[in-house]
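In: take this sequence and fold it.
(one chain, ligands or ions: 4)
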Amino acid sequence: MILNLTADTILNHAIAGDDLSPEQGVVLLQQTDPAIIENIRLVSDTLRSQQVGETVTYVINRNINFTNICEQHCSFCAFRRDAGDEGAFWLELDQILEKAAEAVQRGATEICMQGGLNLEAKINGKSLPYYLNLIQALKTQFPHLHLHTFSPQEVQFIAREDHLSYADVIIALRDAGVGSMPGTAAEILDDSVRKIICPEKINTATWLDIIETAHRLGIPTTSTMLSGHIETPQQQMQHLQQLRSLQQKAIEQDYPARITEFIVLPFVGETAPSPLRRRVGRDQPILADTLLLTAVARIFLGHYIPNHQPSWVKLGLDGATEALQWGCNDIGGTLMEEHITTMAGAKGGTCMEPETLEKAIASLRRPYQQRDTLYHYHSR
Ligand SMILES: C[S@@+](CC[C@H](N)C(=O)[O-])C[C@H]1O[C@@H](n2cnc3c(N)ncnc32)[C@H](O)[C@@H]1O
Ligand SMILES: Nc1c(NC[C@H](O)[C@H](O)[C@H](O)CO)[nH]c(=O)[nH]c1=O
Ligand SMILES: N[C@@H](Cc1ccc(O)cc1)C(=O)O
Ligand code: SF4
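Out: Ligands and ions are numbered 1, 2, ... in the order given. So this is what the prediction gives:
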C-alpha cells in the first residue's frame, strides 16, 4: 500500500490508474484548499471521461411509493407514518396500475417502486404474495416496463415475516418480473452509525449479503450512500470500500448481475424528525461537501462501478448539473412524482421533463442520451 498521503501524490496515483486505499480517500475528503479541491474535481472528470466518455444519460421513469406506513423509525425519515396518522397512505392496486399507465403513456421505461414496511400488507397472512401480486399485476398489463423495485430492507422484511431465506424472496420476485433492485437502505454501511440513524434496520453485513445474493441470482442493483449527517470521512470511505469489494466479488465470481450505478443521497433535514435534524444543525445539504464526495467516489469506485448519478431532488437541477463536472455521467430519472425526500423538505422538485434534463446536460456542451435502467441506450 502507498503510504505517502499528500493529496497531489494520491491524485497522481489515481490518474495513473491505481486503486486508492480508503485512507487515501480520507485525505482527499479532508482537503480544504480550493486549488487542491479543483485538482480533485479535474481528476474525477478525467477518469469519468476515460471510463464512460462524454455522454450524459437519463432514464424516463416513475416513482411509485405504494405506502408510507412503516414499522420502523429511521431518524432521518420524514416519509414514514403509523397507520391512521395524518398523511398516512396506502395505494390500491388500481391506483398503482393507473399511475403506471400514465407513466407508460409519457414514455417511461421504468417504475421505481419502494415503500414503508407495512405489517398489514399481506395476502392470506403472508407478505410475499402481497408484493408478488403488485409485480404480477404490473407485468401483466405492461410487460415491457422494467420494475426497479424493493430495497434490501424490504427483502429482509418479507423474508422475516414469511420465514423465508433472502434467496427465496429474491427468486420469487425475479420470477414474477422484478428487473433490478434499488440499493437504498445502505445509508452508511457502518454499524456504529446505523445504531444511531436507523437502529431497527438491517445491519451492514445483511445489506451486503442481500445485494450479493441478488447479483448471484441475476438481479442487478444500484448502490447509494446517505451522506452529510453524523458520519465521518473515515466512515464514508469504509462505505465506499464495502461497495467496491462487493462489486469486485461480483466480477471475480462472474455473477450474472452487478451494481449498475452509484448515487450520493445527501441528507435533507428540513422536516426530518427533530433529534437528528438538530444534531446535524442544517436543513439542506451543503453542495460543496456533496460535490467533493461525488468526485472522490468516482476516483475510488470508477474502475468497478462505471455510472455515477447525482440526485436533482436533493441538490436541485443546478446542483445536479454541476455534479456532472465532478465525476457523474448520468442525471437520473424523470421520476414523475417524488415523495420521500420532498417530504423531508427537499427543494429540487418532484418531476422533470426529459427536455429539461436534456437542456441541463446540453448547457455543459455534453451530449445527452436516454437510457434504460440497465444503461442500454434507448431512443424516443
Ligand atoms: C424511504 S426508504 C424506502 C424503502 C425502505 N423503506 C427502506 O428504508 O429501504 C428509501 C431511502 O430514502 C432515503 N431517504 C430517506 N429520508 C431521507 C432524507 N431525509 N434525506 C435524504 N434521503 C433520505 C434513504 O437513503 C432510504 O434508504
Ligand atoms: N427514485 C428516486 C431517485 N432516483 C432513482 C433513479 O431515477 C432511477 O431509479 C435509477 O437511476 C435506476 O437506474 N432519486 C430520488 O431522489 N428519489 C427517488 O425516489
Ligand atoms: N436512486 C435510488 C432510489 C431512491 C433514491 C433516493 C430516494 O429518496 C428514494 C429512492 C435507486 O434508483 O436505486
Ligand atoms: S427509511 Fe424506510 S424503513 Fe426507515 S422509516 Fe423510512 S420508510 Fe421506514
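In: just checking stretch 255-272 against ligand 1, any contact.
Out: Yes. Stretch 255-272 is in contact with ligand 1 by C-beta under 6 Å from any ligand atom, via 265, 267, 268, 272. Where you see a C-beta, it was placed from the backbone N, CA and C, and this is true even at glycine.
In: please identify the buried residues of that stretch?
Out: 255, 257-269, 272 (16 or more other C-beta atoms under 10 Å).
In: what about that stretch, near ligand 3?
Out: Yes. Applying C-beta under 6 Å from any ligand atom, one finds that stretch 255-272 is in contact with ligand 3 at 263, 265.
In: so for that stretch, what's the average pLDDT?
Out: Per-residue pLDDT values over stretch 255-272 give a mean of 98.
In: tell me how far the ends of that stretch are from each other?
Out: Chord length of stretch 255-272, first to last residue, is 38 Å (C-alpha to C-alpha, to the nearest Å).
In: ok, how many other residues are close to residue 164?
Out: Per other C-beta atoms under 10 Å, the neighbour tally for residue 164 reads 18.
In: contacts for the helix or strand where residue 193 lies?
Out: Assigned by DSSP states H and E, residue 193 falls within helix 191-197. By C-beta atoms under 8 Å, 6 or more residues apart in numbering, the surrounding residues in contact with helix 191-197 are 74-76, 187-188, 201, 203-204, 226, 229-231, 235, 276.
In: just the buried subset of those residues, please.
Out: Buried among those (16+ other C-beta under 10 Å): 74-76, 187-188, 201, 204, 226, 229-231, 235, 276.
In: of the residues you listed, which belong to helices?
Out: Among the buried ones among the contacts of helix 191-197, the members found in helices (DSSP state H) are 204, 235, 276.
In: and for the nearest residue to residue 14 once chain neighbours are set aside, the neighbour number?
Out: Once flanking residues are discounted, residue 14 sits nearest to residue 299: 4.9 Å by C-beta to C-beta, 6 or more residues apart in numbering. Neighbour count of residue 299, defined by other C-beta under 10 Å: 26.
In: got the contact list for residue 299?
Out: By C-beta under 8 Å, 6+ apart, the neighbours of residue 299 are 14, 20, 25, 28, 40, 43, 44, 47, 327.
In: helix or strand for it, which one?
Out: Judged by DSSP H and E, residue 299 forms part of helix 287-301.
In: now do the SS call for the one residue sitting closest to the centre of the chain.
Out: Among the residues of the chain, the one closest to the centroid is residue 224, at 3.8 Å (C-alpha atoms, centre = their mean). Secondary structure assignment for residue 224 (DSSP: H, G, I helix; E, B strand; the rest coil): strand.
In: do you know the pLDDT at it?
Out: Looking at residue 224, the pLDDT reads 98.
In: my guess is it contacts residue 186. True?
Out: Yes. Residue 224 is in contact with residue 186 according to C-beta atoms under 8 Å; the separation is 5.1 Å.
In: buried stuff in the helix or strand hosting residue 140?
Out: Per DSSP H and E, residue 140 falls inside helix 127-141. By 16+ other C-beta under 10 Å, the buried positions in helix 127-141 come out as 127, 128, 129, 130, 131, 132, 134, 135, 137, 138, 139.
In: quick one: contacts for the closest residue to residue 357 other than its chain neighbours?
Out: For residue 357, ignoring the flanking residues on the chain, the nearest one in space by C-beta to C-beta, 6+ apart is residue 58 at 4.6 Å. For residue 58, the contacting residues are 330-334, 354, 357-358, 361, 368-371, by C-beta under 8 Å, 6+ apart.
In: out of those residues, which are buried?
Out: So, by 16+ other C-beta under 10 Å, the buried ones in the contacts of residue 58 are 330, 331, 332, 333, 334, 354, 357, 358, 361, 368, 370, 371.
In: restrict the residues you listed to contacts with ligand 1.
Out: Among the buried ones among the contacts of residue 58, ligand 1 is touched by none when using C-beta under 6 Å from any ligand atom.
In: make JSON lines from these and add pLDDT to it.
Out: Shown next, in JSON lines, are these (pLDDT from 0 to 100):
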{"residue": "330", "pLDDT": "98"}
{"residue": "331", "pLDDT": "98"}
{"residue": "332", "pLDDT": "98"}
{"residue": "333", "pLDDT": "98"}
{"residue": "334", "pLDDT": "98"}
{"residue": "354", "pLDDT": "98"}
{"residue": "357", "pLDDT": "98"}
{"residue": "358", "pLDDT": "98"}
{"residue": "361", "pLDDT": "98"}
{"residue": "368", "pLDDT": "98"}
{"residue": "370", "pLDDT": "98"}
{"residue": "371", "pLDDT": "98"}
